[in-house]
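Peer 1: give me a 3D structure for the following:
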Amino acid sequence: MTTLLNSKSFPRISIKWLRSPWAIVVSVLLGAYIGSVHPGVAQQLQPLGSLYLGLLKMCVLPILLSAISNSIGRLMRSHDARRYVRRIVLIFPLALLIVSGIATSIAAVAGPGRNLTASTLESLGVLINQSGIDLEIALNGPLEVEEGNAIGELVVDIVPENIFSALSEGQTLQVLLFAIIFGVSLGLIRTQSTNALFDILDSVYRSFNQVIHWLTYLLPIGLFSLLAYQLSEIGVEVLVSMVDFVVVMLGISLVIYLLGTLVIWQRSGRSFGQVLTAIKDPTILALATSSSLACLPAAISSLSEDLGFDRQTTDLVTPLTITLCRFGSVAYFGAAALFVVQLYQKEMGLSTLLTILVGAILAGMATSGVTGILTLTMLGLVLDPLRLPLEAVLVLFIAIDPLMDPLRTLGIVHTGMATTAAIAAPQTIVQPQADPIIAPQ
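Peer 2: Got it, this is the predicted structure:
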């Protein structure tokens, strides 16, 4: 038997196949089949999917706290970075607002969540009621939700009265604010003892990142279980509503990519063709790997070596933009929140739009260090102030995530490069002067 298994006539099946796009496609198709054709079997798979989602959520806060505190702390301790603090403080929020504004505006105009059929709304309403949320969807009118001052609640809720309570209760925004404040104060303390703390934070980040890496091998199983169970509750017809959202998200990503390319072109002083050639490798890597950290060396090399930006600045600012700003996630959350608002026919006033605009930025920053399905859980940070449920729509975003994850990564990497170009100064190219020609006497 062992000989047969080791025979060259049998192809070797590598465990790495579980991380390939084909494994995700197979799991989605199987989940859709089981959930729609064999709902009884799908119901029995529910604990397996819940277990996988719980393992992913377990890693959120440790990665968030360690990655952001470490990045900001090291920035504050760098002497060279102090020259760029003003630019960073100005350009980072401005870039985040622009990206969030573009995504929110396009989604508001395109309306991917509008005009859904009554059967789809009815199926979704059944899922909400079964999830334990006391909420019903009106088929002939807007969703009735409890109104409140969403922006005021968002500002108040972001301040942690007790950081240990915030950690135990999973209050991600409160942990995010604490991580920023803690990182700044830690970076201003210049003692040997803080060096050890930086090493500990880095070890925590690497450890939980390794756990996430292991869990990616189980992603097809977790996605299959979650999708099958949720489809057994809501039906396949609900997924049709996501087609418009995918198209709108593609348009948003294209607009942001072109705008970032124009910024790099204007700041570098090179020809547009040279810029396109220089950003080719980071773009391909982002779409192929869906890992912003894997694209970091190529992004730095493109900015400094190919486009001539100051190497010291790109080494410092590029990792910070990719770690903190998370532009791709910000755009995604802005569009996704508008989709849910339109899905439930909630009135879109100025307060709602401002809440989505700011909430998408905060939720995007809260995804620091994480990718994939774990990113989707942060959408609740935008929907909670609007009193809209995440549970009922999470499966929809999970189903299309194999398409959306590369777009989010591309937004993070490419817009991060554009932000770095806006902060860094291009190196001056000095042309060698020819020796003067002395005419013979």
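
Peer 1: list the buried residues of the helix or strand where Ser207 lies.
Peer 2: Ser207 is part of helix 192-216 when elements are defined by DSSP states H and E. Going by neighbour count (16 or more other Cβ atoms under 10 Å), the buried part of helix 192-216 is 194, 198, 201, 204-205, 208-209, 212, 215. For every residue, glycine as well, the C-beta is placed using N, CA and C.

Peer 1: thinking Gly416 is in contact with Thr318, fair?
Peer 2: Yes: look at Gly416 against Thr318 with Cβ atoms under 8 Å: they come within range, at 6.3 Å.

Peer 1: give me the mean pLDDT for the helix or strand that Val175 is a member of.
Peer 2: According to DSSP H and E, Val175 maps onto helix 172-188. Mean per-residue pLDDT for helix 172-188: 81.

Peer 1: for that helix, name the packing helices and strands.
Peer 2: On a contact count with 3 or more Cβ pairs under 8 Å, 6 or more residues apart in numbering; DSSP states H and E, helix 172-188 meets helix 60-77, helix 163-169, helix 192-216, helix 350-365.

Peer 1: nearest to Leu303, of those helices?
Peer 2: Using Cβ to Cβ as the measure, helix 60-77 is the one of the helices and strands packed on helix 172-188 that comes nearest Leu303, at 17.7 Å.

Peer 1: and the residue most central in space within the chain, its phi and psi?
Peer 2: Closest residue to the average C-alpha location of the chain: Ser329 at 3.1 Å, with Cα atoms, centre = their mean. Main-chain torsions, Ser329, degrees, to the nearest 10: phi -70, psi -40.

Peer 1: show me how far stretch 242-249 is from its chain's centre.
Peer 2: Using Cα atoms, centre = their mean, to the nearest Å, the mean C-alpha position of stretch 242-249 is found 17 Å from that of the whole chain.

Peer 1: how about the CA coordinates for that stretch, as PDB?
Peer 2: What follows is stretch 242-249, C-alpha atoms only, in PDB (Å, rounded to 0.1, in the frame of the first residue of the first chain):
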ATOM      1  CA  MET A 242     -24.200  40.700  -4.900                       C
ATOM      2  CA  VAL A 243     -23.600  40.900  -8.600                       C
ATOM      3  CA  ASP A 244     -24.200  44.700  -8.700                       C
ATOM      4  CA  PHE A 245     -22.000  45.200  -5.600                       C
ATOM      5  CA  VAL A 246     -19.100  43.300  -7.300                       C
ATOM      6  CA  VAL A 247     -19.400  45.600 -10.400                       C
ATOM      7  CA  VAL A 248     -19.500  48.700  -8.300                       C
ATOM      8  CA  MET A 249     -16.500  47.600  -6.200                       C
END
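
Peer 1: average pLDDT across that stretch?
Peer 2: Averaging pLDDT along stretch 242-249 yields 86.
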